[in-house]
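Sequence first, then the predicted structure:
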Amino acid sequence: MKKSSELDEIKKLHLPRHVAFIMDGNGRWAKQNGLERSDGHAAGAEVAEKVVRLCNDVGIKYCTLYTFSTENWKRPTEEVEFLFQTLVYYLESKSPEMIERGVRIRFTGHIESLPEKAFNTAQNIEKSSEHCDKLHMILALNYGGRQEIWDAFLRMYEQVKNGEIKESVLHDENSEFLRSFLNLPDVPDPDLLVRTSGEKRLSNFLLWQLAYSEMIFTNVHWPDFDKVEFFKVLSEYSKRNRRFGGLKMP
Ligand code: IPE
Ligand code: IPE
Ligand code: MG
């Protein structure tokens, strides 16, 4: 009884349409609890699944999870391998139920460079969840914001070079034009970025899309990010006054 009324209270708030998470602190959480880093990643994957479920429950339409950055290859091979094994396990075991709940599973980043099993699993799930549109869960995998902007530039350059876009068009357009060359142009920019673990940086995440996002940094490590924390964050977001350079809320 209490459960549903709490959810109803949250749903009454002004919620983000798109929330993006930098899921950080798995390793430190593990250390603090006398565990291995891999245990932290396993715990973190469970939290990711719960957070997506909560997004769906409150009616958020897009949830992007920073899962593996272009810089995370610098980590020891065993850790990288464990991360992709965990990813495959979660995608395979949880996606049927997610699809049933209307979750479309999408990816941003160079997934073709992932280990073959992870790449194939990602591609299959993207395809089999294509018809879902209650919530878009976007996993940023082998993703870097600078890489995405560079890729966008190259796509645009190719089209100018082969005559699909007239060079003069570029002078008439504004910076919004670049959006259509980014990885997922149909996805609206995040309204809210949440980073756990106390770090206050973007670490190369969605550099273009976060231009006007609200940002909330919490000290909680990702494996401890639960419903209470999430609802606190949503409640804080709902009180923010977004002006987009103007003088009052649009
Ligand atoms: C986030 O936790 C998970 C990934 C980057 C894949 P970390 O592994 O970065 O945890 P810390 O920052 O070392 O505590
Ligand atoms: C950002 O976390 C990447 C992901 C959460 C996937 P990192 O832990 O890699 O970031 P830095 O190295 O602390 O900036
Ligand atoms: Mg980290």
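Good, I have the coordinates. Ligands and ions are numbered 1, 2, ... in the order given.

Okay, helices next: where are they in this protein?
Read by DSSP state H, the chain holds these helices, from start to end of the chain: 2-12, 26-32, 37-58, 77-100, 116-128, 145-161, 167-172, 227-239.

between these, which gets nearest to ligand 1?
Distances from ligand 1 to each of the helices of the chain were compared using CB to the nearest ligand atom; the minimum, 2.8 Å, belongs to helix 26-32. The way it works is simple: take the backbone N, C-alpha and C, and place the C-beta from them, glycine included.

is that closest one up against ligand 2 anywhere?
No - contact of helix 26-32 with ligand 2 (CB under 6 Å from any ligand atom) is absent, the minimum separation being 7.8 Å.

neighbouring contacts of that helix?
Residues lying outside helix 26-32 but in contact with it, judged by CB atoms under 8 Å, 6 or more residues apart in numbering, are 36-41, 43-44, 197, 221-224.

Centroid-nearest residue for the chain?
To find the centre residue of the chain, average its C-alpha atoms and take the closest one (CA atoms, centre = their mean): that gives residue 64, at 1.9 Å.

so residue 230 makes contact with residue 48?
No - counting by CB atoms under 8 Å, residue 230 stays clear of residue 48, with 11.8 Å between them.

related to what we said a few turns ago, what's the separation between the residue nearest to the centre of the chain and residue 111?
Taking CB to CB, to the nearest Å as the measure, residue 64 and residue 111 are separated by 14 Å.

ok, now residue 76?
Applying CB to CB to residue 76 and residue 111 gives a distance of 21 Å.

neighbour-wise, which of those two wins?
The neighbour count for residue 76 versus residue 111, taken as other CB atoms under 10 Å, is higher for residue 111 (20 against 9).

ok, how many other residues are close to residue 129?
Counted with other CB under 10 Å, the burial measure for residue 129 works out to 20 neighbours.

unless I'm mixing things up, it is touching residue 99, no?
Yes - using CB under 8 Å as the test, residue 129 is close enough to residue 99 to be in contact (5.0 Å).

so where is the chain shaky, pLDDT-wise?
Screening the chain residue by residue with the criterion pLDDT under 70, one finds the ranges 1-4, 249-250.

in this protein, what residue is nearest ligand 2?
Across the chain, no residue is closer to ligand 2 than residue 203, which sits at 3.6 Å (CB to the nearest ligand atom).

pretty sure that residue is in contact with residue 69, am I right?
Yes - here residue 203 reaches residue 69: they are 6.2 Å apart, a contact under CB under 8 Å.

Now do the same contact list for residue 143.
66, 67, 68, 69, 70, 108, 109, 110, 205.

Then residue 110?
Under the criterion of CB under 8 Å, 6+ apart, the contact partners of residue 110 comprise 70, 142, 143, 147.

Could you say which of those residues is surrounded by the most neighbours?
residue 143 (25 neighbours).

re earlier: what about ligand 2: which of the contacts of residue 143 touch it?
Applying CB under 6 Å from any ligand atom, the subset of the contacts of residue 143 adjacent to ligand 2 comprises 66, 67, 68, 69.
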